[in-house]
Structure formats: structure tokens, C-alpha cells
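[1] One predicted model, sequence on top.
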Amino acid sequence: MGFQLSAGVVTREFDFSGFIQNVATTGAAFVGQFEWGAVEEYINLNNKSQLEFKLGKPNDVNYRDWFSVSNFLDYSNNINVVRVVDDTVAKNATVDGTGLLIKNETSHSQIIGTSAGNTAIFASKYPSNLGNSLEIILIDSATWGTNPNYKSYENLFDGAPSSSEYVKSVNGSNDEIHVVIVDKLGLFTGIPDTVLERFAYLSKAKDGKELDGTPNFYGTVINNQSDYVWYLTDPESGDYAVGGSITNITVDNGGDGYTSVPNVVITGDGTLASATATLSSTGIIDSIIVTDGGTGYTLGDLIVIIGDGNGASAAVGSVTGGVIDTITVTNAGTGYSTANIDTTGSGNGDATATSTISKSVESVAVGSSGQNYITATTVITIDAPANGTQALASTVIVVDANFDDPWNTIASGQNFKSLSATFDKTLSGGINSATVGEDELTRGWDLFVNSEVVDVSLLIVGDAGEGATVNTFKTIVKYVNDNIATVRKDCVMFYSPKYSDIVGINDVNANANVINTRQDVNISSSYAFMDCNWKYQYDKYNDKYRWLPLNADVAGKCAYTDFNRDTWWSPAGYERGQIKNVVKLAYNPNKGQRDNLYKNGINPIISEVGEGVILLGDKTLLARPSAFQKLNIRRLFITLEKSIAKSAKYKLFEFNDRFTRQSFVSQVEPFLRTVQGRRGISDFKVVCDESNNTPQVIQNSEFICDIYIKPVYSINYIQLNFVAVGGNVEFSEVIGVLSENI
């Protein structure tokens, strides 16, 4: 402890309770083709429902890979899958239909906002033809309720989008938007037009947020939460209602009856615009009012109009006792500024009248153009005349240069642009590659190289690419063994013979082909395991039967054995080696054929009446005689090494003295006694003292602990001796003789 400068009490804690932790031993790894899911990224699966949701369903291209994963999940619940595609072919479906390869979240982050995504706007989450079934719908305040075809989608939400509380608090408006993602063609659900996802009251604002501070920008929410769609950029300018400043106002109907210039009022979602009306110079006679009806007139007498215009005419409209009551304008004429009348007909005394001259609105001139206007919500109101018809006008608006990116901007003071119509786009251009090659498969397996990044114990190669392209089998099997299993030294690779070795081949030739493939691959490794067979299995998704390699099942039996027993128990035999979901095997090796397989390190899988399909071997592919030729012993040492090494790292940078060494031994020995008690080892010894930690070792900053293990061997061969003994002979007389002569 540090030196104290004055009297006092200091308390400290020391933790010497360290122990050896258990490690995961059942996690599997697989690389292959699927119709959906992120590319070149770990996808952890715990059950078949997750397999179907995250990676899609099997088809005629990917069924071997899909069912390899599915078959492993019949025995266990932990597998990391990496999907691979042909980079030159595969594409995500996009709004513009050109397609765009977005493998995973990393590649999406490199594309978002770039020119590559400017026309794509939205893309399917993963490269696949399934993306062509996706429809994305955006509804904002301007398009809510405008089209009855979208009523069913609007019913998914509590109400119309408007302005969020956050955006209103910073003097912004019109930011809310609803998003619906639909399975348009039914490729995901089997039912066209099924709603897959909906997102309510998202924000157009880049800094939009919920009341609790959670980011609510629609692009961010879609990218973080959608299982089907990537956001890339905002809709194109043509998708918005045209907005900006009012450049001019068009008079749709000039009306009539105006004797003075009317007031013009501009209302809508913009501000600061103003305008002034101009009356036409062409006057018309709106009405004639009788001031003296005269006498002796009859209905229909003509009235002559005298003035500076032309074309006007009138007649007596009604008469009472020869007195003119009303005069009706039969033709208003044009060009009058003043007008008088001259009465003719049967009457006596000149009747007199006055005329009313009215004008129409000829134009409306913009005084101040204002800002932030959108045609659909801007209204021009012209005051009505005292007597006549009200004029009507509409606007022409141009997009302001400040609105090139109207969404995905800071909310403060922003009145976000509206859509001109509901945004409804079905994605297209999605393609899933039909084949993959060695480059794609090895790149996928490279993700499993680092044991500190991903923890797996069982490497499943499936058909090793044989069904995807040509001449990959040997390369992939050797690559996974040489670059993954033997580099990590904490996992075992499992592989089966080629489809062409055994399916449709007679048993004799099939057996020879399997051995030839084993010799051609030419692996000598305790981290590799080979079985001899394929199985015939029903595919309920496509209603047909499929031939599938059995290495996923064998790896699954290892995981199943780990769960029910321990890693040092053999997964083979009649107790634990039964294989599931088998209609028939590609071939059924007899005892002599099994002998040839086993001496080459190939583990037989046979079908036996009353017993089912059984794994009858637990040999690794290590060629030289060794305890590590046994799979259970190899996996025992993997477990011991991973567990003890994980604890040993906590001794780094401690002192290499007696205390440290003894504390480490006190952790290791109880762990090994536990393994011994669980029938994993028969005996052990731990040496970690001055004998192996010499002064030179200590001076080199090293720490050495020697752990000696006597493993327990599984039974591979059983011999039963039945001896007939005479009735007058004692058993004790023959037992010793028997043991000496057998």
C-alpha cells in the first residue's frame, strides 16, 4: 500500500476467488448461399424460425446450404451463418429499378448520401429478387386522406401526421410522416399486399426526436429498425408539391361589377406575399335604373342606349298603366364609360334612366413574392363587387433554390415541404446470384479466423461449394482445415464426400469413390472429421425430396452430446449417434466396406433395421497414431485448453512468484478434478513451480504451467468370448487357462 502521511485507517479488498470458467463448445459456423440476409456478416441463429425469417426459404439453388443449417438446428440452438453472393451479379432492389449492391450495414454506410444512392432513394435491405416484392409508402399531412386507395393504410395509424412537438418547439412545422412497408407480390408472406412494417409519426427533420429524446428522423428509424428496407436519400424533387416564392398570379375569372379596385388577400402555408388587382379598361352596362317612367308605354318598347361604347341594347322590362317600371339590358355591350338612354315607342313623354357601368379584374400583380408557399395550399381571395360576379385567381410558384434538400435538414425555423401525392414505390432490380465461387466462399470463411472475435467450435462445410460452382470442393475443405481449424485450434471441421461420389452409384464404387476423395483432399489433422454419406430428405417448402450431405448432422450430434453429456463423450454409436430426418442413405456400407473406410479415417454412417441411421465412428483425420485420432479426446483438449487459457490471461502482468503460481494451480486443479469426476480424464498432474519457472524464465517475463492429462478412451471394438465348460469342471480351473490362450 502507499505510504500514509498521517494517522488513519485504510481499507482494501483482495479477490483470490478466481476459478476456471466454463466455455461454449456447441457453437457452429457455416458459409453458404441463401435468398435473403446480410452478406459477409455473422447471422446468429437459435432455431428454424429465425433461419426462415433471417435467411429466407430454400430453393433449387441454395437448398443444400439451407438444409445443412436446418439439420444442425435439429440437434442444437447456436450457429453463426455467413451468407455469400457473387459480387458481379447480386443486387438490392431499388426505387429507380437499376439495383445496387449493398451487402451489409458497413457497405450501406459507405453508400448512403452518395451519388450511387441519389436516385435509388430506398433499397431492399439485402441483395435478392425478394426485394422486388417490397412496396414503400410515405404519407404526410398534405397527402393524408387525399386518395381513397390508401384508406386501409391510413387506418393503421391513430391520425394524420402534422408537426411534431420537438419541431414546433424550434419554430418548425409540417415534419411528421407515416411509413408503410408492404409485401406487394407476396414473396415474403405468400399473400400479396400484406403489410410487413409500419412506422408512425416519424420526422422529416434531421434532428427530429421523440419527447424522450430518442432520434426520430425517418431515415434513421428505417435504417435501425426495418428488416426489409434501407433509406439512402430523400425523395426526388418531382415527388414534392412545388413550393417557394409566388412569381405571378393568374386571373381565372375576371368577374364583373367592379367599380373600384378590389383588395387581394393571399393565404396559405407561406408568408409575406402581397398583390394588387388591376381592373379592365373595357366597361359593360351592368344595369339601367328607371328614374322617370313616362306614360303610354307598352311592354317590349325599345330603349336606345347612347354613349361612348357600342353594342348595347335594352328594352322595356315591365310596364304599369303605361308607366315604365324597369328596363332590361339585352346586350351589355363593351367600351362604355358613360351611357344615356333614349326611349321610343308608343308612350308619351320621355322616360329617363341611369346606367351602371361595371368592369372586370384584368390582372393581379405580385407586390411581394413571399416564401415557403406550396400551390396546393395557397389561396388567392379577391374582394367581391357590390353588384356583380366575384373574380377568381390562382398562383404560379417556382421552387426556391434553398429547398434542394427540403428534408433531412435541421428543424429550427424550417417549414418542411409536403409531398405532391402519396409516395408509393415498388422496388425493382433485385437479383440473387445463382452461383458463388472459391473467392466468395473463402472470403466468408475468413470471418471465422479470429477466435477472439467469434466463438465457434464446429465448422460445417456442407457440400463445400460443389452444388454452387465447379471444382471448389477440395479447395474449400482444405482451406477451412488449413486456415481456420488448425489456426484457431479450438474447433473441428466436418465434411462429407461429394454428391457425385455416392448418389446413384452402387455401393462398391461409392465406397471406393469416398476413399479416393479422402486421399485426394489429403488432410492429416486432428481438427478435421469426415463422414461417408448423404441422406435423402423431404423439402416441405418445395414439396420434393433432396439429397443432402450429412456433416451438418454429425456436427449437430456433437452439439447434442455436449448438451446432454460433455465434449469428451463420443457422439457416435447406438446411444447418441442416431441421425434424424432420413428417408434413405445414398449407400449403406457393409462390414468390409466400413473397415476400409475406418482405416482411412472415414467415419461410417449406416442404416440398420430397428435402429435407424447411426454414426459408427469417432475418428479424426490425423494420420499418425495418437490419442488425438479420437474425436472425443480432441474435443476434450479443446475444452480444457479454452477454459484454462481464459483464466490464465488474468495472470498477465502479475509477478511470477510463488504466490501467483500457487494461486493459478489452485484454480486449475479443482477444475480438472471436476472433469475427472465427470469421466473426462482418468488422472492429471499440474506443475507450476520453481522447477519449470526458473530464474531465466522469470527474467524473460514468462510464466509456465505444465498440465499432464490422461484422457479416457471411447470403446471402438468389442470382443465377446463364449466358452463351453464341462459339467465336472470348476470355472476357476479354466478362467486362467482361457486368458492365456485367447
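    Arrived safely, thanks for sending. Residues are numbered from 1 along each chain as shown.

[2] for the chain, what helix or strand is lowest in average pLDDT?
    strand 373-374 (a mean of 62; mean pLDDT, DSSP states H and E).

[3] residues in contact with the helix or strand following that strand?
    Downstream of strand 373-374, the next assigned helix or strand under DSSP states H and E is strand 379-382. Here strand 379-382 makes contact (Cβ atoms under 8 Å, 6 or more residues apart in numbering) with 249, 255, 262-268, 275, 277, 361, 364, 390-395. No exception for glycine: its C-beta is placed from N, CA and C like everyone else's.

[4] Could you chop this structure up by domain?
    Annotated domains of the chain cover 28-86+437-632, 105-234+410-426, 243-281+361-403, 284-358, 652-711 [automatic domain parsing].

[5] And the residue nearest in space to the middle of the chain, what's its pLDDT?
    Centroid-nearest residue in the chain: D227, 3.4 Å away (criterion: Cα atoms, centre = their mean). We note a pLDDT of 96 for D227 in this prediction.

[6] While we're on L202, how confident is the model there?
    So L202 comes in at 97 (pLDDT).

[7] Quick check: it is in a helix.
    No - per DSSP: H, G, I helix; E, B strand; the rest coil, L202 lies outside any helix segment and is strand.

[8] hey, what's it bridged with?
    I177 (DSSP bridges).

[9] For the closest residue to L51 other than its chain neighbours, give me the pLDDT.
    Leaving aside its chain neighbours, L51 sits nearest to L45 (5.2 Å; criterion: Cβ to Cβ, 6 or more residues apart in numbering). The per-residue pLDDT reported for L45 equals 96.

[10] Also I306?
    I306 is given a pLDDT of 74.

[11] Start the count at 52 instead of 1 going forward.
    I'll keep to 52 as the first residue from here, and by that count the last item is I357.

[12] list the contacts for the nearest residue to D734 once chain neighbours are set aside?
    In space, and not counting its chain neighbours, D734 is closest to K761: 4.3 Å by Cβ to Cβ, 6+ apart. K761 is in contact with 732-735, counting by Cβ under 8 Å, 6+ apart.

[13] State whether K761 is indeed within a strand.
    Yes - under three-state DSSP, K761 sits within a strand.

[14] Could you measure from it over to G305?
    109 Å (Cβ to Cβ, to the nearest Å).

[15] quick one: secondary structure of K693?
    Going by three-state DSSP: K693 is helix.

[16] my guess is it contacts D541, does it?
    Yes - contact between K693 and D541 holds when scored by Cβ atoms under 8 Å: they sit 5.4 Å apart.

[17] what about the helices in the stretch 602-751 of the chain?
    Using DSSP state H, counting those that start in this stretch, the helices assigned to the stretch 602-751 of the chain run over residues 602-615, 642-650, 682-699, 709-728, 746-750.

[18] what's the closest of these to G259?
    The closest of the helices of the stretch 602-751 of the chain to G259 is helix 682-699. By Cβ to Cβ, the value is 45.0 Å.

[19] on that earlier part again, now do the contacts for the residue nearest to the centre of the chain.
    104, 176, 247-248.

[20] Just the closest of the residues you listed to Q713, please.
    Proximity of the contacts of D278 to Q713 (Cβ to Cβ) peaks at F104, which lies at 51.9 Å.

[21] Quick check: the closest one is in a strand.
    No - under three-state DSSP, F104 sits outside any strand and is assigned helix.

[22] what's around it, how many residues?
    14 (other Cβ atoms under 10 Å).

[23] Please report how far it lies from I94.
    In terms of Cβ to Cβ, F104 sits 11 Å off from I94.

[24] likewise Q747?
    49 Å.

[25] Compare neighbour counts for those two and give me the winner.
    I94 (20 against 8).

[26] Show me what the more buried one bridges to in the sheet.
    Bridge pairing for I94 - DSSP bridges - gives V132.

[27] residues touching G516, list them.
    Neighbour list for G516: 487-489, 492, 523-524, 527 [criterion: Cβ under 8 Å, 6+ apart].

[28] most neighbours, which of the residues you listed?
    Going by other Cβ under 10 Å, V487 tops these with 27 neighbours.
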